[in-house]
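S.K.: Take this sequence and fold it.
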Amino acid sequence: MDLFNLKGKVALVTGTTRGIGAAAAIGLAEAGASLCLVQRPGSTNLDTFNKIKALGNTVHVVDCDLSDMDAVKTLFDRALEAMGGEIHILVNCAGIQRRAPAVDFPEQDWDDVISVNLKSCWLLSQSAGRHMVPLKRGKIINFCSLLTFQGGFTVPAYASSKGALGQLTKALSNEWSAENVQVNGIVPGYINTDMNANLLSNPTRLRQISERIPAGRWGEPDDFKGPVVFLASKASDYVCGELVVVDGGWMGR
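M.R.: Residues are numbered from 1 along each chain as shown. Take a look at the predicted model:
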């Protein structure tokens, strides 16, 4: 089990106030890591912070609006300072979604989704690479989507951002694997989170989706603790540029 031990490691995680990001951060803490949580300026949601604090782990919060690229460009350095100059793990989990038919999709919604879901991940990963590559150690985990592979309906910007994030994951892995920095992605299936509230509240879509999931249930945020710890730990040192699908069998059907 020492392969999965994260004691002495420091993780920077976005999207930690709820859902998958919160579960990922808590899972890393349970494996022993210290955490730097990224939250929106003015957020008063300290649930994740308090749960990690209760475990006895070091935990700090750094504010950042991930749609503000100037703020994103300073985020990694601010996190480094908060965590004493070391970050071993970056988890890009934050994301937004906008829905509209493609013929009516607003340009501003397109720009917002691409900025948060793709450009902020690129800038954070680039900053992480500048820190990790010279040290020849590090783990970067990008949260992708089933729409990394599929097109979806009425979510052209989201599908585009997540498709590109999958390719960015592979591109960075190609450059940095030889430097002992592993870059991988996690692909959630249909998960019981706020982002899927519209689907969960639509009886027809809920039935259609649920019937197609071989596991017989929607995923829960805690289903991602194991995959995140695996990709953040020594257990995955020869896993490079992979997109690990966690979907209850959806893609295999």
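
S.K.: hey, where'd the helices end up in this protein?
M.R.: Remark: helices assigned in the chain by DSSP state H are 19-30, 47-55, 69-82, 107-114, 120-135, 156-176, 197-200, 203-212, 225-232.

S.K.: Can you work out which other helices and strands pack against the fourth one?
M.R.: Just to be clear, that refers to helix 107-114. Under the contact criterion of 3 or more Cβ pairs under 8 Å, 6 or more residues apart in numbering; DSSP states H and E, helix 107-114 touches helix 156-176. (Each C-beta comes from the backbone N, C-alpha and C, glycine too.)

S.K.: just the fifth one next, same as before
M.R.: If contacts are counted by 3+ Cβ pairs under 8 Å, 6+ apart, helix 120-135 sits against strand 10-14, helix 69-82, strand 89-92, strand 138-143, helix 156-176, strand 181-188.

S.K.: Make TSV from the ones you listed and add mean neighbour count, mean pLDDT and distance to Thr48 to it.
M.R.: Formatted as TSV, the helices and strands packed on helix 120-135 follow (neighbours: other Cβ atoms under 10 Å; pLDDT from 0 to 100; distance: least, Cβ to Cβ, whole Å):
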stretch	mean neighbour count	mean pLDDT	distance to Thr48
strand 10-14	27	98	9
helix 69-82	17	98	15
strand 89-92	28	98	13
strand 138-143	25	98	16
helix 156-176	20	98	23
strand 181-188	25	98	18
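
S.K.: can you redo the ones you listed as CSV with distance to Leu123?
M.R.: Converted to CSV, the helices and strands packed on helix 120-135 look like this (distance: least, Cβ to Cβ, whole Å):
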stretch, distance to Leu123
strand 10-14, 11
helix 69-82, 5
strand 89-92, 10
strand 138-143, 13
helix 156-176, 11
strand 181-188, 15
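
S.K.: got the contact list for the nearest residue to Gly249 once chain neighbours are set aside?
M.R.: Using Cβ to Cβ, 6 or more residues apart in numbering and skipping the chain neighbours, the partner closest in space to Gly249 is Pro214 (3.3 Å). Residues counted as contacts of Pro214 (Cβ atoms under 8 Å, 6 or more residues apart in numbering) are Gly248, Gly249, Trp250, Gly252, Arg253.

S.K.: Could you tell me which of the residues you listed belong to strands?
M.R.: Residues of the contacts of Pro214 located in strands (DSSP state E): none.

S.K.: picking that back up, a markdown table please, covering the helices of the chain and showing distance to Asp63.
M.R.: Converted to a markdown table, the helices of the chain look like this (distance: least, Cβ to Cβ, whole Å):
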| stretch | distance to Asp63 |
| --- | --- |
| helix 19-30 | 15 |
| helix 47-55 | 12 |
| helix 69-82 | 8 |
| helix 107-114 | 19 |
| helix 120-135 | 14 |
| helix 156-176 | 23 |
| helix 197-200 | 25 |
| helix 203-212 | 35 |
| helix 225-232 | 23 |
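
S.K.: Can you tell me which of the contacts of Pro214 are buried?
M.R.: Buried by 16 or more other Cβ atoms under 10 Å: Gly248, Trp250, out of the contacts of Pro214.

S.K.: Let's have the contacts of Pro214 in CSV, adding pLDDT and distance to Asn142.
M.R.: What follows is those, written out as CSV (pLDDT from 0 to 100; distance: Cβ to Cβ, whole Å):
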residue, pLDDT, distance to Asn142
Gly248, 97, 21
Gly249, 97, 22
Trp250, 96, 19
Gly252, 93, 22
Arg253, 89, 24
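
S.K.: and the closest residue to Asp2 other than its chain neighbours, what is it in contact with?
M.R.: Spatial nearest neighbour of Asp2, excluding adjacent residues (Cβ to Cβ, 6+ apart): Lys234 at 7.8 Å. With contact set as Cβ under 8 Å, 6+ apart, Lys234 has these partners: Asp2, Leu3, Phe4, Asn5.
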